[in-house]
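In: I need the structure of the sequence given here:
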Amino acid sequence: MKWTTANVRHANYTAKHELFVGTHTGSFKHLVPASENTPYRQSNLSDLAALDKDSRVTALAFSNEAATEILLGRAKNTAEVHSFVQGVSSNKVVTFNAAPIVGLARYNDKLIAGIGNGQIQTISLDTDDETEPVVITTGDQIDHLRQCPQVRGIVATGGKERQNNLKVYDLSSDSKQIFSSKNLPNDYLQLEVPVWDSDIGFVDGPNVLATCSRIGYVRLYDTRKQRRPVACFASEEHGMSFTTLVARGNFIYTGTTMGALKAFDTRRMKTHVHTYKGFTGGISDLHLDVTGQYLSSASLDRYVRIHHSESTVLLYQCYVKSKATKILIRQLENASADRKLEEEAEVEIENNVKPQKNIKATHVDNEYEDLFNQMATVGDSDNDSEGKGGSATTQSEGKLKRKYLRQSLKPTKKKM
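Out: Alright, predicted model coming up:
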């Protein structure tokens, strides 16, 4: 697909997806690219009249594996819990003690928020009474908080400067810190290598993590081996200032401030393996679907896009009128149900239809049969042909000869 600024959907894009987009103005939008009639229609899920200059969406995440609840954080000290169950949506607002909210997670009945001042605050969602949140100090500044999808009791934080580097906490054991990264050795001038973990991602489990930096590096950590990175990509190329990251399997997908979206292979981090095109502004957020084949992105050029992660083809692009800051992609609620019903119907049809035997029916040509019935018997006398007599043996032989002649002269069909 050629570069374009129009709303487009690739002809081969048949997946049933829906998008949730947070913007710079604070609006929270819902799009359904799978819709045949209105793939670019946008509906607002938040109250536009209550938005102000501090309502910018700074955090967006699913709170459970079923993706039926969305956590939304803003540049101010409020967070929203949006629930979508069987087509019915509900919204709950939670207030924290500080701002901005840079990451949200839910563990059991508690809402965990990463605050830009370096704190992790926890509030219980069970009680409606306003209670003081539990505060954990990770440093003096963090840029992002991420929750492990496989072990939801594990969260990671990262920020600027060495004291705010990558840290991992276990919420199931009194929020104990279980890992803290260590910087690379000093450079050849014996100067400290600068650290800025702008985003974090868990790589298929709680033990392997990836970080990207505004300084231009992508690092891979294994908490079971060592505190320093086990693999690293560093570039001094202009425009390689990474803002966001998402990881799955052996691949790490990163976006930059200059609108470059690249994929790295964790088995060989010397250079990128894929480049995704179509951007004219900085990439603010990335998210993969459950299959890992579709990569959604939010960009400051006011577009949201979906690329195929392996072929790098641009499948979907939509203009959302505001600078997109956060994005989520998920399977439509009724898509999996419809597919299940289709499979059950196919099985039922196969069980009800009984195999039939192939019976070859021989076509009878009446005109052809009458022709042989009117023919005289070969070898009969004139009296016999007139029906005046004749032995039974002669008549039997005549019938056999007539039958043989009919079978030998009958036309046969040619096999194609």
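In: could you pull out the buried residues of stretch 242-260?
Out: 242-248, 251-257, 259-260 (16 or more other C-beta atoms under 10 Å). Every C-beta, even on glycine, is put in place using the N, C-alpha and C of the backbone.
In: in the residues you listed, find the pair that's most separated.
Out: R248 and T257 (22.9 Å; C-beta to C-beta).
In: confirm for me that G278 is in contact with R305.
Out: Yes: using C-beta atoms under 8 Å, G278 is in contact with R305, at 6.1 Å.
In: so what sits against both of the two?
Out: L314, Q317 (C-beta atoms under 8 Å, 6 or more residues apart in numbering).
In: neighbour count winner among the two?
Out: The neighbour count for G278 versus R305, taken as other C-beta atoms under 10 Å, is higher for R305 (25 against 21).
In: is it correct that the more buried one falls within a strand?
Out: Yes: assessed with DSSP: H, G, I helix; E, B strand; the rest coil, R305 lies in a strand.
In: how much space separates it from G201?
Out: The spacing between R305 and G201, counted by C-beta to C-beta, to the nearest Å, is 19 Å.
In: also S311?
Out: Taking C-beta to C-beta, one finds S311 at 22 Å from G201.
In: give me the most central residue, the chain.
Out: D289 (2.0 Å; C-alpha atoms, centre = their mean).
In: how about the nearest residue to that residue, chain neighbours excluded?
Out: I329 (5.0 Å; C-beta to C-beta, 6 or more residues apart in numbering).
In: so how far is the helix or strand harbouring that neighbour off the chain centroid?
Out: Element membership of I329, judged by DSSP states H and E, is strand 324-331. Here strand 324-331 is found 11 Å from its chain centre; the criterion is C-alpha atoms, centre = their mean, to the nearest Å.
In: domain map for this structure?
Out: 8-340, 366-382+391-407 (automatic domain parsing).
In: may I see these arranged in TSV, with mean pLDDT as well?
Out: Listed next are the domains of the chain as TSV, based on pLDDT from 0 to 100:
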stretch	mean pLDDT
domain 8-340	92
domain 366-382+391-407	56
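In: quickly compare those domains and say which is most buried.
Out: domain 8-340 (a mean of 18; mean count of other C-beta atoms under 10 Å).
In: which residues of the stretch 201-350 of the chain fall in strands?
Out: 208-213, 217-222, 231-234, 242-248, 251-256, 261-265, 268-276, 283-288, 294-299, 303-308, 314-319, 324-331 (DSSP state E, counting those that start in this stretch).
In: next one: the stretch 1-150 of the chain
Out: 8-9, 17-23, 28-31, 42-44, 57-62, 69-74, 78-85, 88-95, 101-107, 110-115, 119-124, 134-137, 144-147.
In: output these as CSV; include the columns distance to S299.
Out: Output for the strands of the stretch 1-150 of the chain, formatted as CSV (distance: least, C-beta to C-beta, whole Å):
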stretch, distance to S299
strand 8-9, 15
strand 17-23, 11
strand 28-31, 14
strand 42-44, 16
strand 57-62, 14
strand 69-74, 19
strand 78-85, 23
strand 88-95, 26
strand 101-107, 19
strand 110-115, 23
strand 119-124, 29
strand 134-137, 33
strand 144-147, 18
